[in-house]
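Engineer: What follows is a predicted protein model with its sequence.
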Amino acid sequence: MGRAIPETVLERMGRATSRVQEESPLPADILESDTAYRVILDAPGATASDVQVQVTDGTIEVRIDRFRPFNEGFEMLFPGRGLELDGQVPLPEGAIDADGTTATLTDHGTLVITVPKAPTPAAEDTDEPNETAA
């Protein structure tokens, strides 16, 4: 019985830690160049099939569904890693080309999302003379 109480406490603490991680939005770095935005998120333990990226109305939505592999000969005492991670990153509305978005998951567990900027309308040529009626 003495061993059951510490195990129960660890398990409950682990589940609470996991829930906090799952309910907290994924932190992201947002970078900008002349032609694109780049969003960088940490996704440790995720595989490419665990990651979903969607761009809707100028917002990048990320969902990562990880799983815990079975470790033969070991019991789970502290399930502290969140398995369902979500995040949203707003970008300037109307300034992106969602169709050109790419997402890459590195071997180190970093998710890199690149969103091209929408083409800007060409500046009107002001060198042409105005036509006037004669």
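Structural biologist: That came in fine, so what should we check first?
Engineer: Any idea which helix or strand in the chain has the lowest mean pLDDT?
Structural biologist: helix 4-23 (a mean of 62; mean pLDDT, DSSP states H and E).
Engineer: Going C-terminal from it, what's the next secondary structure element?
Structural biologist: strand 28-32 (DSSP states H and E).
Engineer: in its sheet, what does that next one sit against?
Structural biologist: With DSSP bridges as the test, strand 28-32 is paired with strand 36-42 (antiparallel).
Engineer: Could you list every helix and strand that the next helix-or-strand element following the strand it pairs with packs against?
Structural biologist: The helix or strand immediately downstream of strand 36-42 is strand 51-56, counting by DSSP H and E. Counting contacts by 3 or more CB pairs under 8 Å, 6 or more residues apart in numbering; DSSP states H and E, strand 51-56 is packed against strand 59-65, strand 102-105, strand 110-116. Every residue, glycine included, has its C-beta placed from N, CA and C.
Engineer: so strand 51-56 versus strand 36-42, what angle?
Structural biologist: On the basis of axes from the mean of the first three to the mean of the last three CA atoms, to 10 degrees, strand 51-56 is oriented at 140 degrees to strand 36-42.
Engineer: how about the CA coordinates for strand 51-56, as PDB?
Structural biologist: C-alpha atoms of strand 51-56 as PDB (Å, rounded to 0.1, in the frame of the first residue of the first chain):
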ATOM      1  CA  VAL A  51       1.000  17.100 -38.000                       C
ATOM      2  CA  GLN A  52      -1.900  18.900 -39.600                       C
ATOM      3  CA  VAL A  53      -1.500  22.500 -41.000                       C
ATOM      4  CA  GLN A  54      -4.300  24.600 -42.400                       C
ATOM      5  CA  VAL A  55      -4.400  28.200 -43.400                       C
ATOM      6  CA  THR A  56      -7.900  29.800 -43.000                       C
END
